[in-house]
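Sharing a model that was predicted from the sequence below.
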Amino acid sequence: MQNRTLEIGVGLFLLAGLLALLLLALRVSGLTVGAGQDTYKLYANFDNLAGLTVRAKVTMAGVGIGKVTAIDLDRDTFTGRVTMELEKRVDNLPVDSTASILTAGLLGEKYIGISVGGDDQLLKDGGTIHDTQSSLVLEDLIGKFLINSVNKDSK
Amino acid sequence: MRRKSIGERIRLLGRAGIDVVGSLGASTVFLLRVLFGRGNVGNGFTQLLIKQLFSVGVMSLVIIVVSGLFIGMVLALQGFNILSSYGSEQAVGQMVALTLLRELGPVVTALLFAGRAGSALTAEIGNMKSTEQLSSLEMIGVDPLKYIIAPRLWAGFISLPLLTMIFCVVGIWGGAMVAVDWLGVYDGSFWANMQNSVSFEKDVLNGLIKSIVFAFVVTWIAVFQGYDCEPTSEGISRATTKTVVYASLAVLGLDFILTALMFGDF
């Protein structure tokens, strides 16, 4: 009898531990099981990524529809090449859609926002979004502002 | 002779060095014999293991859950205070989860485990040694390493990683309670920020690996100190103190090394 309660206690303990690992995986790290099948790949080249990272969100109208899976430099055009994985159910993006790098809040994380174009042809798996808008770099803005004010003064 | 000569001092230093290396070697041989040696186990190993899992793992649950809850709550409170001055309270979930998974979960659980279960293991085995139960076992043909030590060692290896996972979950839940229900951080952004920044391989698995290493070290130290202690009541108390001190130092030192290897990027 004593032995039985002991075994039940140990069994519950082991279950609780494994359940905790599962919770951490699914709820905390947002791991999705078997997400490989229902996504498709798109590429986009940006002049300046400025802080975009792998696992960043890809959104459309503010709704998350995928994530960035790889970032590397395109050797021929000297631009940043971003690989995105989008959900299969959003497979009706026109080829002239625009991808832009946006910032959540003033200091928040970078993410990619896609706005639709009007073309009849649709982007396929492995396609590239040509119309892109790079990240807003604060230093560039300040630089432009300064040059403008200098030009104004000299007139 | 009041002043020791230089030769004598060098000899003493040499003896201290030999002692350190000797006890390291003895504990390694001990560990290998426990894990891989063949011997008469007596009645079934699983029964012994379950009994030890109960006293090492289940009995540590209360302290782990309670401290996990409070540490998570305090983290959320402190994080909220600092983050709200930058206007980014939503990041509090991310902060709590990463702190717990990467550092505090494995380390604090291992320290509590050393104090709660490690000291008990040392005292128990030391007491068995001083009352000559270990040598009596040997006399009736049961290998004490297999019958007494091995189940305790395995129970420690299994329990600590599980306890760490429970600690993290309870801590994050406590943090969510404080941040969302009390301080009014928006529920959705709390969890979404956390899920965006926590990666399973980099954070959860690395925390798990850390806790497995700590489990190995803490239980090894505890069991060896008990087996190696002087068979007197004073010796047992000294061995128990040593267990807690050595295990805590080993955990903190190893944590730095593991963190450097896992998150150091070099």
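Cool, got the structure. Numbers count the residues shown, from 1 in each chain, chains lettered A, B, ... in the order given.

can you map out the strands along the stretch 1-150 of chain B?
For the stretch 1-150 of chain B, applying DSSP state E, counting those that start in this stretch gives no strands.

actually the stretch 151-266 of chain B, sorry about that
So, for the stretch 151-266 of chain B - with DSSP E, counting those that start in this stretch - there are no strands.

which residues of it score low on pLDDT?
Along the stretch 151-266 of chain B, segments meeting pLDDT under 70 span B:265-266.

For chain B, what is the nearest residue in chain A?
Closest to chain B within chain A is residue A:17: 2.6 Å, counting by Cβ to the nearest Cβ. For every residue, glycine as well, the C-beta is placed using N, CA and C.

Excluding covalently adjacent residues, which one is nearest to that residue?
The shortest distance from residue A:17 to any non-neighbouring residue, by Cβ to Cβ, 6 or more residues apart in numbering or on different chains, is to residue B:162 (2.6 Å).

So the one you found sits against residue A:19, correct?
No - if you go by Cβ atoms under 8 Å, residue B:162 and residue A:19 don't touch, sitting 9.8 Å apart.

Of those two, give the one with the bigger neighbour count.
residue B:162 (26 against 14; other Cβ atoms under 10 Å in any protein chain shown).

so who does the more buried one touch?
Neighbouring residues of residue B:162 by Cβ atoms under 8 Å, 6 or more residues apart in numbering or on different chains: A:13-14, A:16-18, A:20, B:57.

cool, residue A:114 as well?
Contacts of residue A:114 (Cβ under 8 Å, 6+ apart): A:58-60, A:65, A:93, A:97-99, A:129.

try 6 Å
Counting by Cβ atoms under 6 Å, 6 or more residues apart in numbering or on different chains, residue A:114 touches A:60, A:97, A:99.

which SS class is residue A:50?
coil (DSSP: H, G, I helix; E, B strand; the rest coil).

Just give the closest residue to it, not the sequence neighbours.
Per Cβ to Cβ, 6+ apart, closest to residue A:50 is residue A:135, 3.9 Å.

burial of that neighbour, as a residue count?
Residue A:135 - counted by other Cβ under 10 Å - has 20 other residues nearby.

How about residues contacting the longest helix seen in chain A?
As assigned by DSSP state H, the longest helix anywhere in chain A is helix A:2-23. Identification of contacts with helix A:2-23 by Cβ under 6 Å, 6+ apart yields B:50, B:53-54, B:57-58, B:162, B:165-166, B:169.

Scan these and report the most crowded one.
Counting neighbours by other Cβ under 10 Å, residue B:165 leads the contacts of helix A:2-23 with 28 neighbours.

Pull up the gap between it and residue B:125, please.
27 Å (Cβ to Cβ, to the nearest Å).

residues near residue 63, how many?
The chain I'm using is chain A. 8.

try again with chain B
So residue B:63, with other Cβ under 10 Å, has 16 neighbours.

list the contacts for it?
Contacts of residue B:63 by Cβ under 6 Å, 6+ apart are B:112, B:116.

how near is it to chain A?
Shown here: residue B:63 relative to chain A, a distance of 14 Å by Cβ to the nearest Cβ, to the nearest Å.

and what of residue B:171?
11 Å.

Residue A:128: what's its closest spatial neighbour, skipping adjacent residues?
Residue A:128's closest residue in space is residue A:43 (Cβ to Cβ, 6+ apart), at 4.4 Å.

Show me the beta-bridge partners of that neighbour.
residue A:83, residue A:128 (DSSP bridges).

Surely it and residue A:127 touch.
No - with contact defined as Cβ atoms under 6 Å, residue A:43 does not reach residue A:127; the gap is 7.2 Å.

quick one on the thing from earlier: among the contacts of residue A:114, which are located in strands?
A:60, A:99 (DSSP state E).

For the contacts of residue A:114, which entry has the maximal number of neighbours?
Counting by other Cβ under 10 Å, top hit in the contacts of residue A:114: residue A:99 with 24 neighbours.

neighbours around the residue nearest to residue A:128, how many?
Neighbours of residue A:43 (other Cβ under 10 Å): 17.
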